[in-house]
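Colleague: My questions are about this predicted structure, shown below with the sequence.
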Amino acid sequence: MTLQISIYSLAFLVALALLFDFMNGFHDAANAIATVVSTGVMKPQTAVAMAAFFNFVAVFVFQLKVATTVGKGTIDPMVVDHYVVFGALVGAIFWNLLTWYYGIPSSSSHALIGGLVGAAVAKAGTGALIGSGLIKTIIFIVLSPALGFLFGSIMMVLVSWLFVRSTPRRVDKWFRRAQLVSASMYSLGHGGNDAQKTMGIIWMLLISAGYSTADEHLPTWVIICCYTAISLGTLFGGWRIVKTMGQKITKLKPVGGFCAETGGAITLFIATAIGVPVSTTHTITGAIVGVGASHRVSAVRWGVAGNIVWAWVLTIPASAFVAAIAWWIGKHIL
């Protein structure tokens, strides 16, 4: 369905989507750099520059399966108009700002999904939702941190077994270097999964406005702009969340940072390959908890982890609620 939308409204909404993408990088930068900074392997400025670089390099590595899921598999394309897109983006941006301000590592991905759901339901009721795409996303709300936990703890146990005869000093020396590789791979997975979510939103908008069709490829300018926006957001960093991710959940050494980042990267690579929009925040948090728990259960500050989980639970309904209100406001101002 082609809608009448002025070029100015279209440009505004594309800019708003890229602002969300920038904030996604800004908000989630801590996911990629918290471990490598908190273990003292890299200085913050160097770490964010590296993470931003690999966020962008992801454009050459991953197919656009996540963008397809968000753009075509979450809500009925017939329901999408510029009011729905506006509401979804406002809901997601609001939740990102709120959780960033309080230093809570929540999910930008699920804030966006919640925004889409809230705006679509406000317009057309629950019949506007595509159950298969949403169920897949909801399953991975639980599965992504569980996989991060599993892979992170397996990596920690495996490394401990392989280096059982090495001195702590030698292990520290080796994994200070290895953590540069693991942090790079995690940043690659972060860019590959998260930038595509904004591509999906812009794709929705272009299709609904008649500037593209569901059968056409995603325009190259959208791909480049989205990867650039998330990379710049990462470059500016989300320092309020670094401390929570890197030290409050559990104390990490370089070997633990390597295992957490590697476990998280494996999870992101798998999810991106099968086209599931997952939370990089959930993934790395699960991996960090897995690394801490592999030493001993008491090494994890479960109270901090529990507060983070509550933020996860609230993300979709809270952003959906704000998006529904923003959709109504958008109907009167756009």
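Modeller: Cool, got the structure.
Colleague: from what I can see residue 274 touches residue 63, true?
Modeller: No: Residue 274 is beyond contact range of residue 63, at 10.4 Å (criterion: C-beta atoms under 8 Å). (Glycine included, C-beta is placed from N, CA and C.)
Colleague: Can you list the low-confidence ranges for this protein?
Modeller: Screening the chain residue by residue with the criterion pLDDT under 70, one finds the ranges 1-4, 29-32, 105, 237-252, 295-309, 311.
Colleague: max-length helix in it?
Modeller: Scanning the chain for the helix with the most residues, using DSSP state H, yields helix 168-208.
Colleague: Report all helices and strands that that one contacts.
Modeller: Contacts defined by 3 or more C-beta pairs under 8 Å, 6 or more residues apart in numbering; DSSP states H and E place helix 168-208 against helix 7-38, helix 44-57, helix 65-72, helix 82-101, helix 108-124, helix 220-236, helix 254-273, helix 280-295.
Colleague: Now do it against helix 254-273: the angle between them, please.
Modeller: Comparing the axes of helix 168-208 and helix 254-273 via axes from the mean of the first three to the mean of the last three C-alpha atoms, to 10 degrees yields an angle of 20 degrees.
Colleague: All further residue positions should be reported with the first residue as 357.
Modeller: Sure, I'll start numbering at 357, so the last one becomes helix 524-564.
Colleague: how many degrees apart are helix 524-564 and helix 363-394 in direction?
Modeller: 170 degrees.
Colleague: ok, back up a step: nearest to residue 678, out of the helices and strands packed on helix 524-564?
Modeller: helix 438-457 (4.2 Å; C-beta to C-beta).
Colleague: helices and strands around that closest one, which ones?
Modeller: For helix 438-457, the packing partners by 3+ C-beta pairs under 8 Å, 6+ apart are helix 363-394, helix 464-480, helix 524-564, helix 595-599, helix 658-689.
Colleague: Deepest-packed of those helices, please.
Modeller: helix 464-480 (a mean of 27; mean count of other C-beta atoms under 10 Å).
Colleague: How far does that one sit from its chain's centre?
Modeller: 16 Å (C-alpha atoms, centre = their mean, to the nearest Å).
Colleague: That one: what's the following helix or strand?
Modeller: helix 487-518 (DSSP states H and E).
Colleague: Taking helix 636-651 as reference, get the angle to that following helix.
Modeller: 30 degrees.
Colleague: can you pull the buried residues of helix 487-518?
Modeller: For helix 487-518, a neighbour-count test (16 or more other C-beta atoms under 10 Å) marks 489-490, 492-493, 496-497, 499-512, 515 as buried.
Colleague: Looks like residue 415 contacts residue 580 (just checking).
Modeller: Yes: between residue 415 and residue 580 a contact is recorded at 7.2 Å, counting by C-beta under 8 Å.
Colleague: More neighbours: which of those two?
Modeller: residue 415 (19 against 12; other C-beta atoms under 10 Å).
Colleague: Spatially, which residue comes closest to the more buried one, not counting chain neighbours?
Modeller: residue 583 (4.6 Å; C-beta to C-beta, 6 or more residues apart in numbering).
Colleague: give me the number of residues near that neighbour?
Modeller: Neighbour count for residue 583, taken as other C-beta under 10 Å: 25.
Colleague: List the residues that contact it.
Modeller: By C-beta atoms under 8 Å, 6 or more residues apart in numbering, the contact list for residue 583 reads 411, 412, 414, 415, 547, 551.
Colleague: Distance to residue 650 added to those residues, as a markdown table?
Modeller: Shown next, in a markdown table, are the contacts of residue 583 (distance: C-beta to C-beta, whole Å):
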| residue | distance to residue 650 |
| --- | --- |
| 411 | 29 |
| 412 | 33 |
| 414 | 29 |
| 415 | 34 |
| 547 | 28 |
| 551 | 31 |
